[in-house]
Each structure stands twice: as structure tokens, then as C-alpha cells.
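Undergrad: Let's see this in three dimensions:
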Amino acid sequence: MNTTIIPANKRHFTDMGWLQTYWLFSFSNYHDPANMGHGKLRVFNDDVVKPGTGFPTHPHEEMEIITIVMRGEISHKDSMGNGGVIRAGEVQRMSAGTGLTHSEYNHGDRDLHFYQTWILPDKKELLPSYEQKQFDPVNFKNVLFPLASGQEKAGAVSFHTDGTIYRSQLEAGRQLEFSTNVNRRIFVYLTEGSLLVNSERLGEKDRARFDTVEKLSFEAHKDSDFILIDVPEK
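TA: I've put the predicted structure just below:
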């Protein structure tokens with residue numbers, strides 16, 4: 001088993017005034033050849049956007065883009081004709097495929113906090129597509145709940161990669177296990193709390209990367225909210 005623990009203070013931080021963002025992998029003007037992704041996981045951004053600001057229309061292609069809204073709301077508009085608001089507890093998936101454009105703005109009256117994940121698709125030249133779903137937070141309690149998946153997980157937003165994004169809110173003293181295989185890559189990001197993962201301790205905003213691992217065990221030392229992403233090696 002290969003395990004890499006990266007503490008919160010090693011995240012790459014950029015403050016643009018309207019946007020405070022932590023790039024957990026190389027992105028935009030942050031380039032580290034040793035930090036280009038983990039298996040098919042290419043991007044994980046932890047973003048906070050101020051009210052009245054946002055991302056103007058910009059293009060994407062050949063990427064599965066999954067947005068998880070933690071607090072506030074995003075107003076979205078894209079070249080496929082989709083437009084609307086994505087609120088806290090909702091998950092959006094865009095398959096960029098052969099190409100699309102979209103914009104994202106915070107038209108609310110409070111800070112917007114969201115995670116944006118990019119995952120490489122299993123097949124190229126797919127037609128662009130879109131999906132959005134609301135989840136009740138009760139679903140996350142003491143389980144690994146699939147938010148988005150290409151593995152036909154019931155209730156999850158779908159995407160076009162043999163992988164799954166899970167969320168868990170594990171109460172202090174509770175434990176979980178996750179089984180996988182040695183050809184997978186696992187990424188864990190702790191939003192808040194204190195978590196023991198296979199004897200490795202994670203604090204708030206720490207992250208862990210695992211490969212050649214068949215089982216992960218989780219134990220919460222405090223109430224803990226975390227994301228787990230399971231993707232192919234390549």
C-alpha cells in the first residue's frame with residue numbers, strides 16, 4: 001500500500017479577492033509536475049466565491065465535471081441550454097465531451113462554498129450532457145453515500161468514468177470500512193473533524209491519497225465530514 005498524507009497547510013492557495021481557492025492538484029497558473037492528479041482524478045478545487053461575483057463564460061472539453069455545493073448557491077448557464085441555481089446539498093454533473101461553454105455566478109447574499117472535481121472520462125468524443133440532483137444530508141450520516149458515479153450506484157448523479165464520489169458525515173466514535181482493489185486510486189478530503197484512516201490521522205482540510213490498497217478503515221475522533229473519491233488507476 002502506498003499512502004500520501006498532505007496537511008491542510010500544504011494546499012496551494014490563491015486569493016483573487018472575489019475568489020479564495022485551494023487547488024489540490026495543478027490547475028490554472030499553479031503547475032507542479034509531481035501533482036498532476038491521482039489516477040483519473042485530475043482536479044479538486046475548494047472554492048469560496050463572494051456575493052455578486054463569479055466565473056464568466058468559459059469552455060471545457062473531454063472532462064467529467066462534478067460540482068458539490070457545500071454552502072450558498074451557484075447560478076449556472078451553459079451552451080446546452082441549461083440554466084438555473086445549484087444550492088447547498090445539490091450536486092451538478094457536466095460531461096464536457098466534444099465541447100461546451102458555461103458560466104457560474106454567486107447571485108446570493110452570502111459566500112458560496114463549493115468543491116469542483118474534474119475526472120477524465122473513460123471514452124472521448126461524448127456528446128455534452130448535464131445532470132443535477134438534491135440530496136438530503138440525512139443520507140450522509142455514518143455511511144459512505146454515493147453522490148456521483150459511473151458505477152450505476154442507485155440514486156447518484158451519473159458520469160462517464162468507472163468511479164464514484166462519496167460523502168460521509170461520520171459521528172464521533174463511529175467507524176466505517178471501504179473495500180476496493182489494488183488497481184484503484186483513492187482520494188480522501190476532510191472538510192471538518194478528526195479522522196483516523198488506516199491508522200493515519202487526518203485533521204480539518206487534510207487530504208490522503210491511497211494506491212495499491214484493498215481496504216480502508218475510518219474512525220471519527222470528532223464528528224467528521226469528508227469526501228472519498230474512488231477512480232481507476234488510468
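Undergrad: low-scoring stretches of this protein, by residue?
TA: Within the chain, no stretch falls below the threshold (pLDDT under 70).
Undergrad: Where does the residue most central in space within it fall, secondary structure wise?
TA: Of all residues in the chain, the one closest to the mean position by CA atoms, centre = their mean is T117, 4.3 Å from it. Secondary-structure assignment from DSSP states H and E places T117 in strand 112-119.
Undergrad: wait, the residue nearest to the centre of the chain sits on G37?
TA: No. Here T117 does not reach G37: they are 10.9 Å apart, not a contact under CB atoms under 8 Å. C-beta here means a position set from N, CA and C on the backbone, and glycine is covered the same way.
Undergrad: anything in contact with each of the two?
TA: Any residue near both T117 and G37 by CB atoms under 8 Å, 6 or more residues apart in numbering counts here, and that gives V43.
Undergrad: For the nearest residue to A220 once chain neighbours are set aside, the count of nearby residues, please.
TA: Once its chain neighbours are removed from consideration, A220 has its nearest residue in L170; the separation is 4.1 Å (CB to CB, 6 or more residues apart in numbering). Residues near L170, counting by other CB atoms under 10 Å, number 24.
Undergrad: same thing with D162?
TA: The tally of other residues near D162 (other CB under 10 Å) stands at 14.
Undergrad: Quick check: it vs P232, distance?
TA: Taking CB to CB, to the nearest Å as the criterion, D162 is separated from P232 by 5 Å.
Undergrad: Now do the shared contacts for the two.
TA: Taking CB under 8 Å, 6+ apart as the contact criterion, the common neighbours of D162 and P232 are D122.
Undergrad: and the nearest residue in space to E219 that is not next to it in sequence, backbone torsions?
TA: Counting by CB to CB, 6+ apart, E219 lies nearest to L196, which is 4.4 Å off, once chain neighbours are set aside. In terms of degrees, to the nearest 10, the main-chain angles of L196 are phi -100, psi 120.
Undergrad: thinking L196 is in contact with H221, fair?
TA: Yes. L196 is in contact with H221 according to CB under 8 Å; the separation is 6.4 Å.
Undergrad: Quick check on G150: phi, psi?
TA: Here is the backbone geometry of G150 (degrees, to the nearest 10): phi -110, psi 20.
Undergrad: Skipping its backbone neighbours, what lies nearest the residue lying farthest from the centre of the chain in space?
TA: With distances taken from the mean C-alpha point of the chain and given as CA atoms, centre = their mean, the most distant residue is G173, at 25.1 Å. With CB to CB, 6+ apart as the measure, A220 is the residue that lies nearest to G173, at 6.7 Å, once sequence neighbours are left out.
Undergrad: ok, for the residue nearest to the centre of the chain, nearest residue in space, not its chain neighbours?
TA: The shortest distance from T117 to any non-neighbouring residue, by CB to CB, 6+ apart, is to I66 (4.6 Å).
Undergrad: can you tell me which helix or strand the one you found belongs to?
TA: The secondary structure element spanning I66 is strand 64-71 (assigned by DSSP H and E).
Undergrad: tell me what that strand is packed against?
TA: On a contact count with 3 or more CB pairs under 8 Å, 6 or more residues apart in numbering; DSSP states H and E, strand 64-71 meets strand 83-87, strand 90-95, strand 112-119, strand 145-149, strand 164-170.
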